[in-house]
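In: fold the stuff below for me.
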Amino acid sequence: MENVRKTVCKSLKTVKKHVDNWDTICAECEPVITSLLNLSTQLDCCQKVDLTNHPLGGFDDLKENLSTKLMLDVDTSVNSLLQKLKILSECRNRIRRVTDTCNSLLKSVNTVKTTIGTATEPPHSDIVEWLNNLVFIATEQYAEKRDIITNLQMVEFNTEFDACTIKDNLTAWKNHKDLHSYLHDILKYCENIISLDS
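Out: Residues are numbered from 1 along each chain as shown. This is a model prediction of the structure:
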């Protein structure tokens, strides 16, 4: 059982590094998202403005050219998010591999012993289940972020729905909770295991 304990402890520390990286990448997305929200507002204004009686109305295709420029800027920002998404995928896969190691180890030992905790440590099977939940949350958030980027890539030029589509998708992205808050709860219950291994 000591082997299980050491593996679980090492896994918690490793997962923490990957979750820290996940949250760092998500934080790096914030300025890009802010820029996209700003671009969507500009795009919305550009689509709604009537230049017929405006001094700028004499410039042929001004509205269309400005919309095209804004959409190119949107594409650049979306591509930046796409690069961040690839890193999030790697983080999620690393968390999954660590958790898979714990799952395999638990299957190879006496199941009853792994379900018994102490006054200072939760059962190892519970910890591994919490890590499995963390993988599920990361996988779910990754899939949602991937879908959001796919939706943003599909926004067509010069439609009335561009700005709304961008805003709705970015709001969904920002509503994701960070993985660290969930991991913090796990680590709080496992602090004795981690401290004894230090």
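In: got the contact list for residue 105?
Out: Residue 105 is in contact with 3-4, 7, counting by CB atoms under 8 Å, 6 or more residues apart in numbering. Every residue, glycine included, has its C-beta placed from N, CA and C.
In: all strands for this structure, in order.
Out: With DSSP state E, there are no strands along the chain.
In: can you list the low-confidence ranges for it?
Out: 1, 56-58, 155-163, 178, 193-198 (pLDDT under 70).
In: please enumerate the helices of it.
Out: 2-48, 62-107, 111-114, 124-153, 162-174, 179-189, 191-197 (DSSP state H).
In: relative to residue 54, which of the ones you listed is closest?
Out: For those, proximity to residue 54 was assessed by CB to CB; helix 62-107 is nearest, at 9.5 Å.
In: one step back: now distance to residue 54 too, for the helices of the chain, in JSON lines please.
Out: Output for those, formatted as JSON lines (distance: least, CB to CB, whole Å):
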{"stretch": "helix 2-48", "distance to residue 54": "13"}
{"stretch": "helix 62-107", "distance to residue 54": "9"}
{"stretch": "helix 111-114", "distance to residue 54": "73"}
{"stretch": "helix 124-153", "distance to residue 54": "30"}
{"stretch": "helix 162-174", "distance to residue 54": "20"}
{"stretch": "helix 179-189", "distance to residue 54": "49"}
{"stretch": "helix 191-197", "distance to residue 54": "65"}
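In: tell me which of those lies nearest to residue 55.
Out: Residue 55 lies closest to helix 62-107 among the helices of the chain, at 10.9 Å (CB to CB).
In: coming back round to it: which of the contacts of residue 105 has the largest number of neighbours?
Out: In terms of neighbours by other CB atoms under 10 Å, the contacts of residue 105 top out with residue 4 at 20 neighbours.
In: show me what contacts it?
Out: 105-106, 109, 114, 124 are the contacts of residue 4 under CB under 8 Å, 6+ apart.
In: mind putting those residues into a markdown table with distance to residue 41?
Out: Formatted as a markdown table, the contacts of residue 4 follow (distance: CB to CB, whole Å):
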| residue | distance to residue 41 |
| --- | --- |
| 105 | 52 |
| 106 | 51 |
| 109 | 57 |
| 114 | 54 |
| 124 | 51 |
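In: now those residues: which count as buried?
Out: 105-106, 114, 124 (16 or more other CB atoms under 10 Å).
In: which of the residues you listed lies closest to residue 141?
Out: Each of the buried ones among the contacts of residue 4 was scored against residue 141 by CB to CB, and residue 106 proved nearest at 25.2 Å.
In: would you confirm that that closest one contacts residue 113?
Out: No. Between residue 106 and residue 113 there is no contact under CB atoms under 8 Å: 10.0 Å.
In: quick revisit: redo the contacts of residue 105 as TSV? Include distance to residue 139.
Out: Converted to TSV, the contacts of residue 105 look like this (distance: CB to CB, whole Å):
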residue	distance to residue 139
3	28
4	25
7	22
